[in-house]
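In: sequence below, structure please.
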Amino acid sequence: MADGRPYILGLTGSIGMGKSAVAAMFAGLGVPVFDADAAVHALQGPGGELLPEIEAAFPGSTGPDGVNRGKLGAAVFGNRAELARLEAIVHPAVARLRQAFLAEHAERPLVVFDIPLLFEKGGQDQVDAVVVVSAPAEVQRERVLARPGMTTEKFAQILTLQVPDAEKRARADHVIDTGTSLAATRHEVQALVHRLTGRA
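Out: Residues are numbered from 1 along each chain as shown. Next comes the predicted model:
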């Protein structure tokens, strides 16, 4: 363990690369996984603790079902100042949940922080090593365009907001290839867990 705490592995990958499947594989091997997206959904969902603050900053953006993603998205999309305002509400709350998660699993040798925009938001400073989930571009494209409501334009727009896959791979400490079979990917994850828990 590093400094009497678990070894923290940051898990990231561009849209459609299979990050959720890999996160589930870590969890299936008994590694605690902190899901940043799920934390945000809980904070912004029905009865979420951030609703009053978000409503005050963006009137009309919340309701009984939590944040109205369409309305809030329209308020911040393409507007850096408004997005920064929203992030100033959300990020500290997620950081608190992450600290509580670390405290809860303090005795474990290894934990995973599942952070979609790890490189984009500078999150690599909060982890001991980064694992990037990656697949060939044509596999990624096929997966993403199969999602309901996804268009080639939307996909192109999302890619412009993300650090390119090649750069993520270059900056990663470990790369998990999801362009193969699920069994092969699971084997890679298992080998990495054994390597890190043996070392940690």
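In: would you map the strands across this protein?
Out: 7-12, 33-35, 62-63, 66-67, 110-114, 129-134, 174-177 (DSSP state E).
In: name the helices or strands packed onto the first one?
Out: When contacts are defined as 3 or more C-beta pairs under 8 Å, 6 or more residues apart in numbering; DSSP states H and E, strand 7-12 packs onto helix 19-28, strand 110-114, strand 129-134, helix 182-199. Every C-beta, even on glycine, is put in place using the N, C-alpha and C of the backbone.
In: domain assignment for this protein?
Out: Per automatic domain parsing, the structural domains of the chain span 1-32+108-200, 36-104.
In: including mean pLDDT and mean neighbour count, could those domains go into a markdown table?
Out: A markdown table is the format used below for these (pLDDT from 0 to 100; neighbours: other C-beta atoms under 10 Å):
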| stretch | mean pLDDT | mean neighbour count |
| --- | --- | --- |
| domain 1-32+108-200 | 91 | 17 |
| domain 36-104 | 92 | 15 |
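In: for this protein, longest helix please?
Out: What stands out as the longest helix in the chain, according to DSSP state H, is helix 80-104.
In: which other residues reach that helix?
Out: Contact with helix 80-104 is made by 5-6, 8, 32, 34, 36, 39-40, 43-44, 49-50, 53-54, 57-58, 72, 75-77, 111, 113, 126, as judged by C-beta atoms under 8 Å, 6 or more residues apart in numbering.
In: chain center to that helix, what's the gap?
Out: Relative to its chain's centre, helix 80-104 lies at 13 Å (C-alpha atoms, centre = their mean, to the nearest Å).
In: next, format the helices and strands packed on strand 7-12 as CSV and append distance to His174.
Out: Listed next are those as CSV, based on distance: least, C-beta to C-beta, whole Å:
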stretch, distance to His174
helix 19-28, 11
strand 110-114, 12
strand 129-134, 4
helix 182-199, 6
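In: how close does Gln190 get to Thr197?
Out: Computed with C-beta to C-beta, to the nearest Å, the distance linking Gln190 and Thr197 is 11 Å.
In: how about Gly48?
Out: Going from Gly48 to Thr197 by C-beta to C-beta gives 34 Å.
In: just His174 next, same as before
Out: Distance, His174 to Thr197, using C-beta to C-beta: 14 Å.
In: same check on Val175?
Out: For Val175, the distance to Thr197 (C-beta to C-beta) stands at 19 Å.
In: next: Leu43.
Out: 31 Å.
In: wait, what's in contact with the nearest residue to Arg171 once chain neighbours are set aside?
Out: Once flanking residues are discounted, Arg171 sits nearest to Phe119: 6.4 Å by C-beta to C-beta, 6 or more residues apart in numbering. Neighbouring residues of Phe119 by C-beta under 8 Å, 6+ apart: Thr12, Val130, Val163, Glu167, Lys168, Arg171.
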